[in-house]
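[1] What follows is a predicted protein model with its sequence.
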Amino acid sequence: MSENSREARTAVPAPCSLIPQFRLTHSMDIPALFLTLRLALSTTAILLVIAIPIAWWIASGSSLTRALTQAIVALPLVLPPTVLGFYLLVALGPLTAPGRLITHLLGHPLAFSFSGLLIGSLLYSFPFAVQPLVAGFTAVDRAYLEAAAGLGIPPLRRFTSIAVPLTRGSLLTAAVLTFTHTVGEFGVVLMLGGNIPGATRTLSIALYDQVQDFNYAAANRTAALLLGFALTALLVIYLLPASRRSNALRDGLA
């Protein structure tokens, strides 16, 4: 055997020595995964509570105030996320009076913390919660509400017992879109939260870091997980109405 062949054989690592490297390369950033799920669940729960009455008010009439409110709500759809993140970073920081007041009350600035990240997510995902609900409430047949009003049922009960149940599909769409959109946030998270492991580092930030480190195997794993979230969300949105129509058709034929 030649000298070059011996050097080549000694340069190739044994198969068993590759196993730890394989596991390390394919490891998932578990803290980032749990932080992302915590942020998405918190944002979805809070936004549904806030978005339902606002969407009902927008859908209940037409006026300049309602149109202006709807435009402001939809603004994050067309605004670059870094712009929103920059304004929030300045507003919550020590350069403004509200930022200094928040820092004085909490003992620390909201920027680069989970609470600040949650505020940014609430604002950025707001249209994804409100717009499906506005469409759902607009489609509610007003004859049901007028008949209930004629029977003396108070407005709040008409809303909770008639309007909300008739918009179950829109509620589900709003929840799924808000959750999924929060999972995939990047610009606002990077500007407002930075990249602090365990505190503000989400999956999208972890993916960016993995690519920066040329760790493409781990990046591929993280990207596949985010892709799975998005695809599952769209399947839920498209499959449930089709299933509901099939059930209605079967009940009608029975």
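    Perfect, thanks for sending it.
[2] how about the closest residue to Ile102 other than its chain neighbours, secondary structure?
    Take Ile102 and drop its neighbours on the chain: the residue closest to it by CB to CB, 6 or more residues apart in numbering is Leu110, 5.6 Å away. All C-beta spots, glycine's among them, are computed from the backbone N, C-alpha and C. Here Leu110 is recorded as coil under DSSP: H, G, I helix; E, B strand; the rest coil.
[3] What pLDDT does the model give Leu110?
    pLDDT, Leu110: 84.
[4] Likewise for Ala8?
    Taking Ala8 on its own, its pLDDT is 42.
[5] what does stretch 134-151 rub up against?
    55-56, 58-60, 70, 155, 157-158, 161-163, 166-167, 169-171, 173 (CB atoms under 8 Å, 6 or more residues apart in numbering).
[6] Could you pull out the strands in this protein for me?
    With DSSP state E as the criterion, the chain has no strands.
[7] Break down this structure into its helices, ranges please.
    Here the chain has its helices, by DSSP state H, at 3-11, 15-25, 30-59, 64-78, 81-91, 97-106, 114-138, 142-150, 155-158, 164-166, 168-183, 187-193, 203-212, 216-253.
[8] right, so the ones you listed: which one is the most enclosed?
    Of all the helices of the chain, helix 187-193 carries the top mean neighbour count, a mean of 24, counting by mean count of other CB atoms under 10 Å.
[9] on that earlier part again, run a quick neighbour tally on the residue nearest to Ile102.
    23 (other CB atoms under 10 Å).
[10] quick one, phi psi at it?
    phi -80, psi -30 (degrees, to the nearest 10).
[11] residue contacts, it?
    Leu110 touches 92, 99, 102-103, 116, 119, counting by CB under 8 Å, 6+ apart.
[12] Include pLDDT when you put those residues into CSV, please.
    Output for the contacts of Leu110, formatted as CSV (pLDDT from 0 to 100):
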residue, pLDDT
Leu92, 85
Gly99, 84
Ile102, 85
Thr103, 84
Gly116, 89
Ile119, 91
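[13] Which one of these is nearest to Thr222?
    Using CB to CB, Gly116 is the member of these that lies nearest Thr222, at 23.3 Å.
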